[in-house]
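Visitor: next input, structure requested:
(one chain, ligands or ions: 1)
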Amino acid sequence: MNVNEKKCKTILSKSSLYGIDYSINPYTGCEHGCRYCYATYMKKFSNHSEPWGQFVDVKENVQKVLKKDLEKKDEGKILISSVTDPYQPLEEKYGKTRKILKILSKKGWETNLLTKSDLILRDLDMLTDFEDNKIHAGFTINFLKKRDRKIWEPNAPDIEKRIKALKKLSKEQVQTYVHTGPYFEGITKLQNIVTKIEDFADELQIEPINLKNDKKILNIIERHYPELKEKYREIKKNPLPHQMNLKEKVDEIRKNTDLKMKLFLE
Ligand code: SF4
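Guide: The predicted structure is shown next:
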């Protein structure tokens, strides 16, 4: 793993993600190295030639830059993070996410965390410092089976650890959500995820898969799920029927749960 400390010029970036105004990424690169990651384009911007998951640039001056950025910009909803995991293992040593939360808890802007790691529990004291409804802690859960997690997210913590952390946060009255994205047709078992989390999460977000430029995902499907090869070729050619099927599935599940479900369609 190639780890470098670098200075950044800005940290609060305008975001086009649904319902989000700004994103904050304390790191460039991500140790979790998920095989479906949409953020691999960050390699180009950071001049790294190593494979995704093999480098991380730590933004060493985040506090100073964040304070400046917050003064210059209008209030908006923040996501930590959009192209890295704020609680990847290096966070234990560098604590950049913790420092960011310390500043934001005083500022009072709505803040959403999204991670695959139970390291978030280290910052429970910080999360409970936010005013009511100003902090939302989210976990990505795309599969429940260990085999699927190992294929797609080989370096990320086990799903059970994420669910345990979700329960703990919910018990401590922190607003929580689960993000299922990308939703993998034939692999993601949405009803099972709902059953597992509905008592502890305030919301489930679902994002369909985007295969536009993704040969890498198709190669993994061919290798590990050969029975789904044709289905994924069809989704790549025409994603619309897949998205409509997903919408129907979500509507069906909604009938039997009080969990708020939000489907992000393009
Ligand atoms: S945790 Fe998120 S940012 Fe990190 S590799 Fe996985 S999908 Fe990409």
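Visitor: rest of the way, CA atoms for contacts and neighbours
Guide: Will do.
Visitor: which of the helices or strands spans the residue in the stretch 51-200 of the chain positioned nearest to the ligand?
Guide: Residue nearest to the ligand within the stretch 51-200 of the chain (CA to the nearest ligand atom): T84, separated by 3.6 Å. Following DSSP states H and E, there is no helix or strand that holds T84.
Visitor: so what's the residue count around it?
Guide: 25 (other CA atoms under 10 Å).
Visitor: right, and it touches A39 too?
Guide: Yes. T84 is within contact range of A39, at 7.5 Å (criterion: CA atoms under 8 Å).
Visitor: domains for the chain, by residue range?
Guide: Partitioning the chain according to automatic domain parsing yields domains covering residues 1-115, 141-266.
Visitor: quick one: mean pLDDT for the longest one?
Guide: The reference is to domain 141-266. On average, the pLDDT along domain 141-266 is 97.
Visitor: which element is the closest residue to V3 other than its chain neighbours on?
Guide: Leaving aside its sequence neighbours, V3 sits nearest to V56 (CA to CA, 6 or more residues apart in numbering; 5.0 Å). Per DSSP H and E, V56 falls inside strand 55-59.
Visitor: in its sheet, what does that strand sit against?
Guide: Strand partners for strand 55-59, identified by DSSP bridges, are recorded as strand 2-6 (parallel), strand 27-28 (antiparallel).
Visitor: for the ligand, find the nearest of the ones you listed.
Guide: strand 27-28 (9.1 Å).
Visitor: what's stretch 92-110 in contact with?
Guide: 26, 58-60, 62-63, 66-67, 75-78, 86-87, 91, 111, 119, 123, 126-127, 129-131, 133-135 (CA atoms under 8 Å, 6 or more residues apart in numbering).
Visitor: one more: stretch 259-266?
Guide: 18, 194, 198, 201-208, 243, 247, 250, 254.
Visitor: what of stretch 212-224?
Guide: Under CA under 8 Å, 6+ apart, the answer for stretch 212-224 is R35, Y36, I151, L211, L228, K229, Y232, R233, K236.
Visitor: try 7 Å
Guide: Contacts to stretch 212-224, defined as CA atoms under 7 Å, 6 or more residues apart in numbering, come from residues Y36, L228, K229, Y232, K236.
Visitor: select only the buried ones of those in PyMOL?
Guide: Applying 16 or more other CA atoms under 10 Å to the contacts of stretch 212-224, the buried members can be selected in PyMOL as follows:
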select buried, resi 36+229+232+236
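Visitor: which residues of the stretch 151-266 of the chain fall in strands?
Guide: For the stretch 151-266 of the chain, applying DSSP state E, counting those that start in this stretch gives strands covering 175-183, 203-208, 260-263.
Visitor: tell me the most buried of those strands?
Guide: Ranked by mean neighbour count, the strands of the stretch 151-266 of the chain are led by strand 175-183 with a mean of 22 (mean count of other CA atoms under 10 Å).
Visitor: circling back: of the strands paired with strand 55-59, flag the one that's most buried.
Guide: Taking mean count of other CA under 10 Å, strand 27-28 is the most buried of these, at a mean of 24.
Visitor: and that strand, what's its mean pLDDT?
Guide: The model assigns strand 27-28 a mean pLDDT of 96.
Visitor: give me the contact list for that strand.
Guide: V56, D57, V58, K59, T84.
Visitor: take those residues and write them to TSV, including pLDDT and distance to L190.
Guide: Formatted as TSV, the contacts of strand 27-28 follow (pLDDT from 0 to 100; distance: CA to CA, whole Å):
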residue	pLDDT	distance to L190
V56	97	32
D57	96	34
V58	97	35
K59	97	36
T84	97	24
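Visitor: out of those residues, who's the most crowded?
Guide: In those, the most neighbours by other CA under 10 Å go to T84, 25 neighbours.
Visitor: what sits closest to that residue if chain neighbours are left out?
Guide: C30 is the one closest to T84 (CA to CA, 6+ apart), at 5.2 Å.
Visitor: that neighbour reaches S82, doesn't it?
Guide: No. Counting by CA atoms under 7 Å, C30 stays clear of S82, with 11.0 Å between them.
Visitor: neighbour count winner among the two?
Guide: C30 (25 against 19).
Visitor: OK, contacts around the more buried one?
Guide: With CA under 7 Å, 6+ apart, C30 has these contacts: G53, V56, T84, D85, Q88.
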